[in-house]
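Novice: I would like to see how this sequence folds:
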Amino acid sequence: VGRKFWKLIEVNMLLMASVLPLFGAIASVYFLINVTTMLSLVIAAVCVLLFIMIFGPTIAGCTKIFRNYTLEKPLFIMDTFTKTFRTCFKQSCIMGIIDLVVAASVASGLYVYPQIIGMINQGEIQGSSTMYYVMFIAGLSIAIAVLLMSFYAYLMIVSTDLSMKNIFKNSLALSCIALKKNLITLLIVV
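Specialist: Below is the predicted model:
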């Protein structure tokens, strides 16, 4: 970290650039919604779709750079990033979409399930809150498993020539085999 600190900052700036389409979507809705609603929503939808498409390949490009830093291989940041972005686009895009779907599901689950449980406990709706607790825990467990798999999936995408099926299988196996190390890494990330 000490020797490559400013290079790591550059790579993180590349990663942050991938979030710019989301800011474009928010800005279009915020500034154009009163002027022209349809144009605002179309611009926002295009920006969100752009973000969805470039999220995974951007993570893959940054992963390749970090991998080369770890292996002490020489590299040019933009050259390595753009080459990896292009060559690993399909697989990393699929993995990025899976990550975003899981993140959106967890975010909605964290919002909805506690409200439903609260409504059941207050008697506003009929039902058993136990079922919703189980669904909430199951959704959170799946999200953690996918996050742990992502630790390995992007690295395999940029390092190996495996099919997506084998990448999923291997990353699931690795996330289970090194569960203690993965949970410690997850705590550090959080």
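Novice: C-alpha from now on. contacts and neighbour counts both.
Specialist: OK.
Novice: in the lowest-mean-pLDDT helix or strand in the chain, what's buried?
Specialist: When each helix and strand of the chain is scored by mean pLDDT, DSSP states H and E, helix 20-32 comes last, with a mean of 86. Using 16 or more other CA atoms under 10 Å as the test for burial, helix 20-32 gives 21-22, 24-26, 28-29, 32.
Novice: what stretches of the protein score poorly on pLDDT?
Specialist: Filtered on pLDDT under 70, the chain yields no residues whatsoever.
Novice: ranges for the helices of it?
Specialist: 5-17, 20-32, 37-70, 77-87, 89-122, 129-159, 164-177, 179-189 (DSSP state H).
Novice: Asn68 and Leu75, how far apart?
Specialist: 7 Å (CA to CA, to the nearest Å).
Novice: next one: Ser40
Specialist: 41 Å.
Novice: which one of these two has more residues nearby?
Specialist: A count of neighbours by other CA atoms under 10 Å puts Ser40 above the other of Ser40 and Leu75, at 20 against 12.
Novice: Met78 versus Val11, what's the distance?
Specialist: 9 Å.
Novice: more neighbours, these two?
Specialist: Taking Val11 and Met78 together and counting by other CA under 10 Å, Val11 has the greater number of neighbours (19 against 15).
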